[in-house]
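Visitor: The amino acid sequence is not available; the structure is as follows:
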């Protein structure tokens, strides 16, 4: 199996498992990963997901060997993206646990996540620049939103390698951990997020994403609309816990 799925209570872990190709994604793997994330979205018992890779690497992008052999990834303007789920806006949080290479389309997959945990020796970058492979899995859209236009263009135009510490400094990753500990840290981070009231957390998360594409007044109205669910179902209980110092 090229995508291994594991559940740890409410945490769903997805492992890209093509270590002989540095977890590069071919057409079948893209379909499997997209289907796996759709299953996660539909499962009410799964609250948060982690995406990682086997064999010491996160993902080296599209499988260029398969493309060279005449088996390209799906290339359609609608539906699943070439790497599978990268056109999705997930309704639940996703964390990327990065070891080794997260480059080209692998970087684009990491950008799909809300948070990225990288091991100290990890390498990120738009390596596809070297081979005439465009960013068509969200890279030109998400990268400038995460790290800003200037830094994004630096990576997009040069295709240079970015180490974990530089990635942390520019906001490309959120945590740097010793080698071998990215998944453990991602699980701890997931458990921390799960300790908070879920409706409020998820509504604030979605409002943040949706607001990026809305004029200010409309974004503020959307924020209020999203927040009403938390106000109705969680806020009073939270206020009682605050008053009783039960936190």
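Guide: Done, it's in. Treat the numbers as computed from the prediction; the structure is a model and nothing was measured.
Visitor: now residue 231: how far from residue 209?
Guide: As defined by CB to CB, to the nearest Å, residue 231 lies at a distance of 20 Å from residue 209. Every C-beta, even on glycine, is put in place using the N, C-alpha and C of the backbone.
Visitor: With residue 219 instead?
Guide: 11 Å.
Visitor: Between these two, tell me which one has more neighbours.
Guide: Shown here are residue 219 and residue 209; by other CB atoms under 10 Å, residue 219 has more neighbours (16 against 12).
Visitor: In contact with that one, which residues?
Guide: Contacts of residue 219 were listed using CB atoms under 8 Å, 6 or more residues apart in numbering, and they are 207, 210, 211.
Visitor: in this structure, which spans are strands?
Guide: Taking DSSP state E to define them, one finds strands in the chain at 3-8, 11-16, 48-53, 94-98, 101-103, 115-119, 123-125, 162-163, 175-177.
Visitor: For these, please prepare TSV with the additional fields distance to residue 25 and mean neighbour count.
Guide: Shown next, in TSV, are the strands of the chain (distance: least, CB to CB, whole Å; neighbours: other CB atoms under 10 Å):
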stretch	distance to residue 25	mean neighbour count
strand 3-8	9	15
strand 11-16	7	22
strand 48-53	10	25
strand 94-98	14	28
strand 101-103	12	28
strand 115-119	18	26
strand 123-125	16	23
strand 162-163	20	21
strand 175-177	24	21
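Visitor: Could you export these to a markdown table, including columns for mean pLDDT?
Guide: Formatted as a markdown table, those follow (pLDDT from 0 to 100):
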| stretch | mean pLDDT |
| --- | --- |
| strand 3-8 | 96 |
| strand 11-16 | 98 |
| strand 48-53 | 98 |
| strand 94-98 | 98 |
| strand 101-103 | 98 |
| strand 115-119 | 98 |
| strand 123-125 | 98 |
| strand 162-163 | 98 |
| strand 175-177 | 98 |
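Visitor: Tell me which of those sits nearest to residue 35.
Guide: Across the strands of the chain, residue 35 has its closest neighbour in strand 3-8 (8.5 Å, CB to CB).
Visitor: List the contacts of the closest one.
Guide: For strand 3-8, contacts defined as CB under 8 Å, 6+ apart pick out 12-17, 29, 32-33, 36, 39, 46, 54, 187.
Visitor: Widest-spaced pair of those residues?
Guide: Among the contacts of strand 3-8, the pair separated by the greatest distance (CB to CB) is 29 and 187, at 23.3 Å.
Visitor: ok, the two, which is more surrounded?
Guide: When neighbours are counted by other CB under 10 Å, residue 29 comes out ahead of the other of residue 29 and residue 187, with 25 against 18.
Visitor: State the number of residues packed around residue 19.
Guide: For residue 19, the count of nearby residues is 13 (other CB under 10 Å).
Visitor: same check, this time on residue 10
Guide: Residue neighbour count, defined by other CB under 10 Å, stands at 17 for residue 10.
Visitor: Hmm, residue 193 and it touching each other?
Guide: No - with contact defined as CB atoms under 8 Å, residue 10 does not reach residue 193; the gap is 10.3 Å.
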